Structures are given as C-alpha cells and as structure tokens.
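Visitor: Any chance you could fold what I've pasted below:
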Amino acid sequence: MKTVCHPSDSRGYANHGWLEARHSFSFANWFNPERVQFGALRVLNDDIIAPGMGFGTHPHDNMEIITIPLIGDLEHKDSMGHAEVIREGEIQVMSAGTGVTHSEYNHNKDQPINLLQLWIFPKRRQVTPRYKQMTIADLIETNKISQILSPNEDDQGVWIHQDAWFHLLKTDRETKETYHLRQSGNGVYVFVIEGSAVIGSQHLNKRDALGIWDITQFELSVAGNSSVLMVEVPMTF
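Guide: Model (predicted):
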C-alpha cells in the first residue's frame, strides 16, 4: 500500500472577498509541484461563496466536473440551455467534452454557500457535453459506504466518462467499514468532510485527506456524526 497525506492546513488558500477557496491540488495562482493531481483527479476545491455572488460565464472542455453543495444552494446556467439550482443534498455532473460555457452563483441572498467541486480527466476526449443532477440523500445508507457516482449510466448515482467511483460514508455512531476498490490500478482519495476517521495508523480530521493506491481494499474507522468522501480514480490513464 502506498499513501500520501494532505492535511487540511496544507491546502492552497485564496480569499477574494466574495470567494474563500481552498485547493487540494494546484489551482489558479496556487501551484505546488507535488500537488498537481491524484491520478485522474485534477481538482478538489472547497469553496465558500458570499450571498448572491459567484462565477460569471466561463468555458470548460474535456473535463468531468462534479459539484456537491455542502451548505446552501448553487444557481447554474450553461450553454446547453440548463438553468438549474443545485441544492444541498444533491450532486451535479457536467461533462464538458467538446466545450461548454457556464456560470455559477450562490442562489441564496442571505447566507454563504459551501461546496466541493472536483474535476476528473475523462477517458474519452471530445465527447458531446452533457449535464445531470440528482438528489443523493436517498442513496445514502447511514453507517454504510454508499455509491453516488460511477462510470455506468444504469448504476447508482450519477455517471461520468471515466472509470471512477465516488462513495460517501455518513455516520451517526462509530463505524468500521472495508472499502473494496472497483478496478485494478485505481487509487482512492479519502477526504473527510466532517468529523474524523482512522485508516491504518493515519488519523484524519475535518478536511484532511489521504490518497491510497497499490492496494485492493482498506479498512477505515469513522467517528460518529462524520461524513467521508471516497474518490476512486485510475492512477494512470
């Protein structure tokens, strides 16, 4: 087993007034040559956006973009004709493919929004852009590892153009679970959203992360009232 630990306070940080952003991997003006990506996972941003503020229309291509609001609601508009609100408890995926433009704003005028946005390199370039959002609350079984994203359109959760799987583990009591990797050659980026977890000898607190690869499974012990995101991606692609 190989691992890399990324403590919360080692992430890149930027405060733009309307946006407070923390970057697990090199992004915008923050560059760390040792923190460019984890396999196919290129971006994991932890953003707090002020009420009514957001990102104006901007382009993307050849990237799978996943957004998970943690607190609050995100207003989304894109060149495919979608005008949606992604609410807390939902997940949104946008396959940028041949190219798409979109804007993202805090839908709430009286409170900040906190969201995670992840970018994953696709296994196929120049695909037709697509959009999907889904409520994930019904997919989550408390104290069990629950799938919310996969490469398969007919599987549980949303899907993307990559051999990647996302799982959430939400607990209301101390829980021990075993994660079984879905594909040989993949690794898992474990990100503690809330609470704490232990993997092997590594203790992880809120917003700490541990990358794991060269393994087929691992055990994790998670404290009560915790939320842990597991992002499984190819390490080479």
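Visitor: Enumerate every residue touching the nearest residue to Lys170 once chain neighbours are set aside.
Guide: Excluding its sequence neighbours, the residue lying closest to Lys170 (C-beta to C-beta, 6 or more residues apart in numbering) is Ser227, at 5.0 Å. (C-beta placed from N, C-alpha, C; glycine too.) Neighbour list for Ser227: 168-171, 192-195 [criterion: C-beta atoms under 8 Å, 6 or more residues apart in numbering].
Visitor: Pipe those into CSV and attach pLDDT, neighbour count and secondary structure per row.
Guide: Below are the contacts of Ser227 laid out as CSV (pLDDT from 0 to 100; neighbours: other C-beta atoms under 10 Å; DSSP: H, G, I helix; E, B strand; the rest coil):
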residue, pLDDT, neighbour count, secondary structure
Leu168, 98, 22, strand
Leu169, 98, 26, strand
Lys170, 98, 21, strand
Thr171, 98, 20, coil
Val192, 98, 23, strand
Ile193, 98, 18, strand
Glu194, 98, 15, strand
Gly195, 98, 18, coil
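Visitor: ok, these vs Ala28, which is closest?
Guide: Ile193 (22.2 Å; C-beta to C-beta).
Visitor: Thought Leu229 was touching the closest one, still the case?
Guide: Yes. Using C-beta atoms under 8 Å, Ile193 makes contact with Leu229 at a distance of 5.8 Å.
Visitor: quick one: common contacting residues for the two?
Guide: With C-beta under 8 Å, 6+ apart, Ile193 and Leu229 have common neighbours Leu116.
Visitor: buried residues in stretch 56-68?
Guide: By 16 or more other C-beta atoms under 10 Å, the buried positions in stretch 56-68 come out as 60, 62-68.
Visitor: Repeat that for stretch 205-215.
Guide: Those would be 207-213, for stretch 205-215 by 16+ other C-beta under 10 Å.
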